[in-house]
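> I'd like to go over a predicted model; first the sequence, then the structure.
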Amino acid sequence: MEKFFLMHLNRKKIKQSKFRISPTISKKKKIKKTKKRDINKTLDVNKKNVKHKRSKRKNSRVKITTAISNANSLSKKKFNNKLIYKPMSKWKNILKGHVIFILGNAPSISKQNLNLLDPYFTIGVNRIYYAYTPTILLWQDIQMWNNERKNIIKQKSLKVSSKSGDPRKIFLNFSVRVGNFKFGKDPSTLCGRGNTTALACQLAISLGCSDIVLLGTDCKYGVKGKTDFYGKNEDHKSYTLKMCKNSMSWLKDNCPVPIYNCSKNKLWSEEKLPNVIKKLNPKKMSMKKYLNMFKK
């Protein structure tokens, strides 16, 4: 009996020891599971990071990151003229036989009834949009982009700039050859610096215009020292007036088509805009139709 009792006790001990060992095994299993979970978590985090990086790369293709304060990033598809319009090198004689009105920024343009120009083709320079929306908006200086980019982007005009004046390469660009002003056959290459109106006239000739009408090219200050129709131009330099007079003298001596002056420039006799329109009787088209001529 004693032997049987002792054997019974030993069996209990064995069972208890086995029972005690089992939790340690389960702990080991739990540790393994937690390790797998940790690995899965790290994999998930890595996947998220990869997606985030890809999204950044994708967005960099679609959006233009500009330094415009308080403005959303701009869609290239919406604002990039290069996707919509023909390159400037293919603009030669696209407006053959049309009268082109060149709009400068001199003080006298504020007295003009610019609404009369709505059915005609206009090239406006620099900040003309403060007074009127031209068919083409043209500028050449980087200061225009730096100071006016928010206003430039809002315009419905076909935007044309020198390569240096468009650092984001959003719009149509022309190259500027240093040296004297010169009429050429390629609309994508204009010559001379110091006066944007002279470049606008070169573009008009390469487009094949029959006549040029000048507005806002006074080459003199307005009342109270106004440099431009909107007030004082921050980018105005001491030599700006001299360059204006020199460029207009060049234009008078070299322009291959007739020029009609509706500004206060003394190089030509001044004419009233309604009289010039009546005399020339230009072709009438909507701005949309004009712009369609330049589309791909």
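Structure received. Numbering: from 1, shown residues only.

> And what about the spatially most central residue of the chain, helix, strand or coil?
For the chain, the residue sitting closest to the mean C-alpha position, by CA atoms, centre = their mean, is residue 170 at 4.3 Å. Secondary structure, DSSP: H, G, I helix; E, B strand; the rest coil: residue 170 is coil.

> My read is that it contacts residue 81, right?
Yes. Because the distance of 6.9 Å satisfies CB atoms under 8 Å, residue 170 is recorded as touching residue 81. Every residue, glycine included, has its C-beta placed from N, CA and C.

> What's the first helix or strand after the strand or helix carrying residue 213?
Taking DSSP states H and E as the criterion, residue 213 maps to strand 211-215. Where DSSP H and E defines the elements, the next helix or strand beyond strand 211-215 is helix 240-254.

> report the angle between the axes of that following helix and strand 211-215?
160 degrees (axes from the mean of the first three to the mean of the last three CA atoms, to 10 degrees).

> Any buried residues in helix 240-254, and which?
Going by neighbour count (16 or more other CB atoms under 10 Å), the buried part of helix 240-254 is 243, 244, 245, 246, 247, 248, 250, 251.

> So for the residue nearest to the centre of the chain, what's the pLDDT?
pLDDT for residue 170: 91.

> Next: residue 164.
Reading off the model, residue 164 has pLDDT 95.

> What count of nearby residues applies to the residue lying closest to it once chain neighbours are set aside?
Nearest residue to residue 164, sequence neighbours excluded (CB to CB, 6 or more residues apart in numbering): residue 142, at 5.6 Å. Neighbour count of residue 142, defined by other CB atoms under 10 Å: 15.

> same thing with the one 10 residues further on?
As a burial measure, the neighbour count of residue 152 was computed by other CB under 10 Å and equals 23.

> Now it: closest residue in space that isn't a chain neighbour?
Using CB to CB, 6+ apart, the closest residue to residue 152 is residue 159 (6.5 Å).
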